[in-house]
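Enquirer: model the following, please.
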Amino acid sequence: MRHAPAALTLALLIAACSEGGEFPALLPTDQVLAEPALPAHAAAGRADPAPVEGATLTRAEALRARAAALQRPVVDPDLRARAGR
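Expert: Got it, this is the predicted structure:
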């Protein structure tokens, strides 16, 4: 009987979370663990990943350069001089 309050609380919490909707359908385990299907545009990357890796590294370097540029002051010194500061 000492576990009755905890069991009642758990039952109330579970009932409060349902919001009256239906429980979602469960997927079979083999479907959940299956290899994902690749979209048509990814077939080339699966056959030869080198071009995809190269493009990804190029994009990463461009993003790093852009992030480094954003670390500089927003207002350049020429504008500050013209503003009288």
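Enquirer: make it CA atoms for all contacts and neighbour counts henceforth
Expert: OK.
Enquirer: longest helix in the protein, by residue count?
Expert: Longest helix of the chain, by residue count under DSSP state H: helix 49-70.
Enquirer: in it, what counts as buried?
Expert: Using 16 or more other Cα atoms under 10 Å as the test for burial, helix 49-70 gives no buried residues.
Enquirer: and that helix, how far from the chain's centre?
Expert: Remark: helix 49-70 is offset 19 Å from the chain centroid, using Cα atoms, centre = their mean, to the nearest Å.
Enquirer: straight-line length of stretch 36-53, end to end?
Expert: Terminal residues of stretch 36-53 lie 20 Å apart, using Cα to Cα, to the nearest Å.
Enquirer: residues in contact with that stretch?
Expert: Residues outside stretch 36-53 that contact it (Cα atoms under 8 Å, 6 or more residues apart in numbering): none.
Enquirer: next structured bit after the worst-scoring helix or strand of the chain on mean pLDDT?
Expert: The helix or strand of the chain with the lowest confidence, counting by mean pLDDT, DSSP states H and E, is helix 4-17 at a mean of 78. Downstream of helix 4-17, the next assigned helix or strand under DSSP states H and E is helix 29-32.
Enquirer: avg pLDDT for that following helix?
Expert: Per-residue pLDDT over helix 29-32 has a mean of 90.
Enquirer: what is the neighbour count of residue 48?
Expert: When neighbours are defined as other Cα atoms under 10 Å, residue 48 has 10 of them.
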